[in-house]
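Asker: Structure, please.
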Amino acid sequence: MSEPESTGSLVRYYCTAGNGMERFLIAEVKKKLAAEDVCQMAGKVLFSSSVTINRVSELKAAERLFLLLRRDSPVRLSAHTGPAKAASALQSRVLGDVAQWTSAAATWSRLQGELSARRVKGHGREEEQGGETEEGREEREEESSGGTCVVEAQRLKRKRDEEEEEEEKPTTPEKTTDNTKEDHGTRPSRTKPEPSAQAPPTFRVSCKCTGSLTRYFSTQEVSRVIGGGLSRVMGWKADLKNPQLEVNVALSDDHLLLGFPLTRLPLANRRYMKTTGLRSTVAWALASLAQIQPGSRVLDPMCGVGTVLIEAAQEHQAVCFLGVDNDDGQLQRANENVAFAGLPHRIQLLKASSMMLPLPSASVDAVICDLPFGRKFSTKTNVAAHLPLILAEMERVLCVGGTLVLLLTPQLSCLLKRLLAQKDAGATCNQEAEPPTGRQRRPSPLPSSTEQQTLPILGGVKAPPPPRCSMKHQDTLRVSLGAIDGLILKYVKTDS
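Answerer: Residues are numbered from 1 along each chain as shown. Below you'll find the model as predicted:
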């Protein structure tokens with residue numbers, strides 16, 4: 001990975017993350033952004049980095065990206081505080097440091113300018129190449145699969161109008177304050193901002209309020225109180241429909257958190273995905289656990305629409321990926337996604353059963369699989385009934401030292417653990433009596449430039465089942481999938 005490009009000034013951010021994804025996001029910001037002062041809150045990760053905003057906005061484990069205005073102790077009110085005093089106390093805590101708001105708005109404006117410059121540059125480059133622009137991709141991401149041409153044109157016009165307003169938005173000179181509390185932007189500075197002669201920005205307030213404060217305010221009332229204060233103190237103009245700036249407020253019994261969103265769409269909305277399946281952040285997390293190395297061969301035996309393979313291929317270049325599925329509809333969507341992402345030369349797709357993989361034994365270095373939950377897309381396979389055969393095939397094709405990463409329901413996880421326990425207790429299992437083999441995992445060599453990088457495929461011939469007791473458990477992680485939770489299980493093959 002190349003060294004992160006630095007802007008020279010340290011900026012304080014925070015990202016939201018799904019439950020269980022904070023660990024992956026912390027590791028990612030440290031590795032990719034050389035992040036400092038990294039800390040975790042429930043569903044959020046705070047960090048500082050001098051890397052360009054374009055690199056920061058490419059985070060894969062994050063849901064949304066914010067410029068941090070302030071993190072502070074919670075707002076506490078007496079049980080006998082009246083509504084008027086409660087509103088005054090809330091405004092005072094949130095809006096007390098006007099210079100901090102001015103400086104944060106200037107930093108936000110600068111970062112928006114950098115992001116806008118990248119969009120303009122990408123627009124010109126992709127138009128020259130005859131490809132789809134990033135603007136077009138964002139429009140497509142917001143559309144449903146059955147949108148009409150009229151709706152498409154209307155949304156494209158609205159997007160262009162927003163971009164024009166973005167370019168005309170005022171830029172307020174930056175200022176930072178010497179404050180011991182966590183705030184946005186660069187390191188503290190004593191310089192004073194020059195007054196801006198441009199019109200103030202339009203804004204709206206988005207608020208999440210939990211805990212004891214809900215006895216005094218609803219979420220809507222908090223937004224109204226803070227919005228009124230910003231209009232009065234900062235001179236900003238409220239615009240609930242199409243604001244230039246959004247103010248995000250999180251109030252709880254543990255903290256007060258203020259920030260400005262930096263991207264219009266969530267980072268989790270991948271511009272290179274046409275049809276979504278598994279949430280992209282979770283798919284990326286699965287791939288990050290697979291210890292993929294240059295020259296590796298990676299298999300997804302139940303690939304669905306190809307989300308896991310595409311996320312892995314975006315991260316790892318010199319790797320061969322194979323996706324297998326027995327559903328024609330899913331394979332068609334996967335082919336469309338792979339072509340849309342520009343990866344047909346690196347991701348192969350094959351119709352086959354996960355219970356009879358047409359691959360030689362020990363032919364892949366990593367197996368990554370989101371076992372179908374049957375919630376978003378129907379599945380022809382009774383996963384619970386066929387789990388022993390599915391697991392046996394994954395073991396068979398995986399090389400010694402290879403990694404198996406699975407996403408399962410808690411029920412399937414219990415079943416899988418019982419199956420492995422039965423293997424350990426089997427009469428033919430002699431793993432403990434065998435001396436260590438001393439063999440190390442080696443990625444399969446890359447083919448020469450004159451050869452197509454493919455996995456050898458057997459013509460419907462099933463190899464003998466693998467020996468027992470070959471999978472060693474490494475980790476179990478719980479992640480949120482929205483309405484339900486899933487469990488990520490990681491194993492390493494230790495004995496062929």
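Asker: Report the separation between the closest residue to residue 363 other than its chain neighbours and residue 330.
Answerer: Excluding the flanking residues, the one nearest residue 363 by C-beta to C-beta, 6 or more residues apart in numbering is residue 397, at 5.5 Å. Just so you know, the C-beta spots here come from the backbone N, C-alpha and C atoms, and that holds for glycine as well. Per C-beta to C-beta, to the nearest Å, residue 397 is found 20 Å from residue 330.
Asker: How about residue 314?
Answerer: Residue 314 is 20 Å from residue 330, where distance means C-beta to C-beta.
Asker: Give the residue from these two that has the larger number of neighbours.
Answerer: Neighbour comparison, residue 314 and residue 330: the larger count goes to residue 330, with 25 against 18 (by other C-beta atoms under 10 Å).
Asker: did I read that right, the more buried one in a helix?
Answerer: Yes - the assignment for residue 330 (DSSP: H, G, I helix; E, B strand; the rest coil) places it in a helix.
Asker: So residue 59: helix, strand or coil?
Answerer: Of the three states, residue 59 takes coil according to three-state DSSP.
Asker: Verify the contact between it and residue 27 for me.
Answerer: No - with contact defined as C-beta atoms under 8 Å, residue 59 does not reach residue 27; the gap is 11.2 Å.
Asker: between those two, who's got more neighbours?
Answerer: Using other C-beta under 10 Å as the criterion, residue 59 and residue 27 rank with residue 59 on top: 22 against 14.
Asker: From residue 15, how far out is that one?
Answerer: According to C-beta to C-beta, residue 59 stands 7 Å off from residue 15.
Asker: overlap in contacts of those two?
Answerer: Residues touching both residue 59 and residue 15 (C-beta atoms under 8 Å, 6 or more residues apart in numbering): 25, 29, 65, 267.
Asker: Next step: these restricted to helices.
Answerer: 25, 29 (DSSP state H).
Asker: Just the closest of the shared contacts of residue 59 and residue 15 to residue 238, please.
Answerer: Closest approach between the shared contacts of residue 59 and residue 15 and residue 238, by C-beta to C-beta: residue 65, at 23.6 Å.
Asker: the strands in the stretch 351-496 of the chain, which residues?
Answerer: 364-370, 398-408, 471-480, 485-493 (DSSP state E, counting those that start in this stretch).
Asker: If you count contacts, what does the last one end up packed against?
Answerer: Think strand 485-493. Secondary structure elements in contact with strand 485-493, counted by 3 or more C-beta pairs under 8 Å, 6 or more residues apart in numbering; DSSP states H and E, are helix 280-288, strand 398-408, helix 410-424, strand 471-480.
Asker: Check these for me and report the most buried one.
Answerer: helix 280-288 (a mean of 25; mean count of other C-beta atoms under 10 Å).
Asker: right, and the helix or strand after it?
Answerer: Next helix or strand after helix 280-288 toward the C-terminus (DSSP states H and E): strand 297-300.
Asker: for the stretch 201-350 of the chain, what spans make up the strands?
Answerer: Along the stretch 201-350 of the chain, the segments classed as strands by DSSP E, counting those that start in this stretch run 202-209, 237-238, 245-251, 256-261, 297-300, 320-325, 347-351.
Asker: for those strands, which one sits closest to residue 47?
Answerer: strand 256-261 (12.7 Å).
Asker: Can you check what angle separates the closest one from strand 202-209?
Answerer: Comparing the axes of strand 256-261 and strand 202-209 via axes from the mean of the first three to the mean of the last three C-alpha atoms, to 10 degrees yields an angle of 140 degrees.
Asker: from the middle of its chain, how far away would strand 256-261 be?
Answerer: Mean-position distance between strand 256-261 and its chain equals 19 Å (C-alpha atoms, centre = their mean, to the nearest Å).
Asker: Repeat that for stretch 98-105.
Answerer: Chain-centre distance of stretch 98-105: 29 Å, with C-alpha atoms, centre = their mean.
Asker: same deal with stretch 89-109?
Answerer: Taking C-alpha atoms, centre = their mean, the mean C-alpha location of stretch 89-109 is offset from the chain mean by 29 Å.
Asker: low-confidence ranges in this structure?
Answerer: 1-8, 121-198, 373-381, 424-469, 496 (pLDDT under 70).
Asker: Going by residue numbers, what spans are helices in it?
Answerer: Along the chain, the stretches classed as helices by DSSP H are 22-33, 53-56, 83-95, 98-129, 134-142, 149-168, 219-233, 280-288, 307-315, 328-340, 383-397, 410-424.
Asker: Starting from residue 336, give me the distance back to residue 239.
Answerer: Look at residue 239 and residue 336: by C-beta to C-beta, they are 38 Å apart.
Asker: One more: residue 252?
Answerer: 43 Å.
Asker: Tell me which of those two has more neighbours.
Answerer: Neighbour count, other C-beta under 10 Å: between residue 252 and residue 336, residue 252 has more, with 18 against 14.
Asker: list the contacts for the more buried one?
Answerer: Residue 252 neighbours (C-beta under 8 Å, 6+ apart): 74, 209-211, 213.
Asker: Mind doing that once more with 10 Å?
Answerer: Residues near residue 252 by C-beta atoms under 10 Å, 6 or more residues apart in numbering: 41-42, 74-75, 208-214.
Asker: so which of the strands of the stretch 201-350 of the chain gets nearest residue 99?
Answerer: strand 256-261 (14.3 Å).
Asker: Pull up the pairing partners for that closest one, direction included.
Answerer: Next to strand 256-261 in the sheet, as set by DSSP bridges, lie strand 64-72 (antiparallel), strand 245-251 (antiparallel).
Asker: Next, the angle from that strand to helix 83-95.
Answerer: Using the same axes, to 10 degrees, strand 256-261 lies at 60 degrees relative to helix 83-95.
Asker: Tabulate the CA atom coordinates of strand 256-261 in CSV.
Answerer: Presented in CSV, the C-alpha positions along strand 256-261 are these (Å, rounded to 0.1, in the frame of the first residue of the first chain):
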residue,chain,number,x,y,z
LEU,A,256,-22.3,15.4,23.7
LEU,A,257,-21.1,15.0,20.1
LEU,A,258,-21.3,17.6,17.4
GLY,A,259,-20.3,17.2,13.8
PHE,A,260,-20.8,18.0,10.1
PRO,A,261,-21.4,15.2,7.6
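Asker: hmm, back to that, in JSON lines: the strands of the stretch 201-350 of the chain, plus distance to residue 409.
Answerer: Listed next are the strands of the stretch 201-350 of the chain as JSON lines, based on distance: least, C-beta to C-beta, whole Å:
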{"stretch": "strand 202-209", "distance to residue 409": "29"}
{"stretch": "strand 237-238", "distance to residue 409": "45"}
{"stretch": "strand 245-251", "distance to residue 409": "31"}
{"stretch": "strand 256-261", "distance to residue 409": "33"}
{"stretch": "strand 297-300", "distance to residue 409": "18"}
{"stretch": "strand 320-325", "distance to residue 409": "19"}
{"stretch": "strand 347-351", "distance to residue 409": "25"}
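Asker: want to try CSV for these, with mean neighbour count as columns?
Answerer: Output for the strands of the stretch 201-350 of the chain, formatted as CSV (neighbours: other C-beta atoms under 10 Å):
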stretch, mean neighbour count
strand 202-209, 18
strand 237-238, 14
strand 245-251, 21
strand 256-261, 22
strand 297-300, 27
strand 320-325, 25
strand 347-351, 19
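Asker: Which one of these lies nearest to residue 104?
Answerer: Between the strands of the stretch 201-350 of the chain, strand 256-261 lies closest to residue 104; by C-beta to C-beta that is 6.7 Å.
Asker: how about residue 85, what does it touch?
Answerer: By C-beta under 10 Å, 6+ apart, residue 85 lies in contact with 77-78, 216.
Asker: Near residue 57, how many residues? Count them for me, please.
Answerer: Applying other C-beta under 10 Å, we find 16 residues neighbouring residue 57.
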